[in-house]
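Peer 1: This is a predicted model, with the sequence first.
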Amino acid sequence: MKPKNKLPFNAKTFLTKAGAGRAVKHLADNEVIFSQADPADALFYIQNGKVRLTVISKRGKEAVVAILGAGDFFGEGSLAGQSVRTSSAAAMGECSLVRIEKAAAAVVIHSEPAFSALFLGHLLSRNIRIEEALVEQLFNSSEKRLARVLLLLANFGKAGKPEPVIPKMSLETLAQLIGTPRSRVRFFLNRFRKLGFIGDKSGLEIHSSLLNVLLRD
C-alpha cells in the first residue's frame, strides 16, 4: 500500500493545538507560568492575552523587563543552553498559551522550515524592539517613553487590529518599563486623560490620538 500523502506543515495550526510534546494552557490573571531559577525545560507561545516577565535581584528588588502579547514566544533561552530560568513569567489578565517541551521544540525548529521562519522572525523582531527601547531610554523624554509603551501594549503599529483597552497596570510596573519615578508616571497619565488621549473603562482605554505625543518635537 502506498503511504497516504502527508498534509503540509502549518506553523499557525501547530501553535493552536495540543499534541506530542506540547500542551495548551489557559491562565488566570497573575497566574505564574514559571519562576526565576526554575528548570528551563520548555518554549512558550502566546495565543492570546499578555505575559509579564520580571527579574529579582540578589537584594530582592523586582523589576519588569518585558510585557509580551499574542504571537510572541518566550522561554527561548531553554534552547540556547540555559539550564534555569533567569526571569519569572506571569499572566496579565486571562491568557492562553502553548507550552512546547524543549526536545519537541528543537525537533520542529530543525525539521520544519515554516516554523523556523516564524520563530526566527520573532527573535529578530524582539531584538529590534530591545534596540528601540534602548534608543528611547537614551534620547526620548519619559513622557514619550510612556506613550510608546501604552501604544505597544494596545498593539498600535503591530499587525492585526489594535486592542484599545488594556489591563490596568500599577504605577510601579509602568515606572519600571520606562525607567522613571512613579510620580512622573502618575503626572503623565493624568495629563493624557485631560487631553483625551486615554480613558478608563474596565481597563486603560488607549486612543489613537496618543500618537500625537510621539510625533511632537
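Peer 2: Ah, there it is. Residues are numbered from 1 along each chain as shown.
Peer 1: Quick one: residues in contact with the helix or strand of the chain with the lowest mean pLDDT.
Peer 2: With mean pLDDT, DSSP states H and E as the measure, the helix or strand of the chain carrying the lowest mean pLDDT is strand 165-166 (a mean of 77). Under the criterion C-beta atoms under 8 Å, 6 or more residues apart in numbering, residues Lys50, Leu150, Leu153, Ala154, Lys201, Ser202, Gly203, Leu204, Glu205, Ile206 lie in contact with strand 165-166. Just so you know, the C-beta spots here come from the backbone N, C-alpha and C atoms, and that holds for glycine as well.
Peer 1: Show me which of those residues are buried.
Peer 2: Lys50, Leu150, Leu153, Ala154, Gly203, Leu204, Ile206 (16 or more other C-beta atoms under 10 Å).
Peer 1: The closest residue to Gln36 other than its chain neighbours: what's it in contact with?
Peer 2: Nearest non-adjacent residue to Gln36, counting by C-beta to C-beta, 6 or more residues apart in numbering: Ser88, 4.7 Å away. For Ser88, the contact set (C-beta under 8 Å, 6+ apart) comprises Val32, Phe34, Ser35, Gln36, Leu53, Thr54, Val55, Ile56.
Peer 1: Those residues: which two are farthest apart?
Peer 2: Of all pairs drawn from the contacts of Ser88, the one with the longest distance (C-beta to C-beta) is Val32 and Val55, at 14.2 Å.
Peer 1: In terms of neighbours, single out the busier of these two.
Peer 2: Neighbour count, other C-beta atoms under 10 Å: between Val32 and Val55, Val55 has more, with 15 against 11.
Peer 1: What are the contacting residues of stretch 124-136?
Peer 2: Stretch 124-136 is touched from outside by Asp72, Lys144, Arg145, Arg148, Ile178, with contacts defined as C-beta under 8 Å, 6+ apart.
Peer 1: cool, and stretch 19-30?
Peer 2: Against stretch 19-30 from outside (C-beta under 8 Å, 6+ apart): 16-18, 33, 47, 49, 90-101, 103-105, 107, 167.
Peer 1: What helices and strands are in contact with whatever helix or strand Lys144 lives in?
Peer 2: Per DSSP states H and E, Lys144 falls inside helix 142-153. Where contact means 3 or more C-beta pairs under 8 Å, 6 or more residues apart in numbering; DSSP states H and E, helix 142-153 is packed against helix 113-139, helix 171-178, helix 182-194, strand 204-206, helix 211-215.
Peer 1: Turn the ones you listed into a markdown table, columns for distance to Glu163.
Peer 2: As requested, those are exported to a markdown table (distance: least, C-beta to C-beta, whole Å):
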| stretch | distance to Glu163 |
| --- | --- |
| helix 113-139 | 17 |
| helix 171-178 | 17 |
| helix 182-194 | 17 |
| strand 204-206 | 8 |
| helix 211-215 | 15 |
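Peer 1: Take these and lay them out in CSV including mean pLDDT and distance to Ala11.
Peer 2: Compiled in CSV, the helices and strands packed on helix 142-153 are given as follows (pLDDT from 0 to 100; distance: least, C-beta to C-beta, whole Å):
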stretch, mean pLDDT, distance to Ala11
helix 113-139, 83, 5
helix 171-178, 86, 30
helix 182-194, 92, 38
strand 204-206, 86, 30
helix 211-215, 82, 32
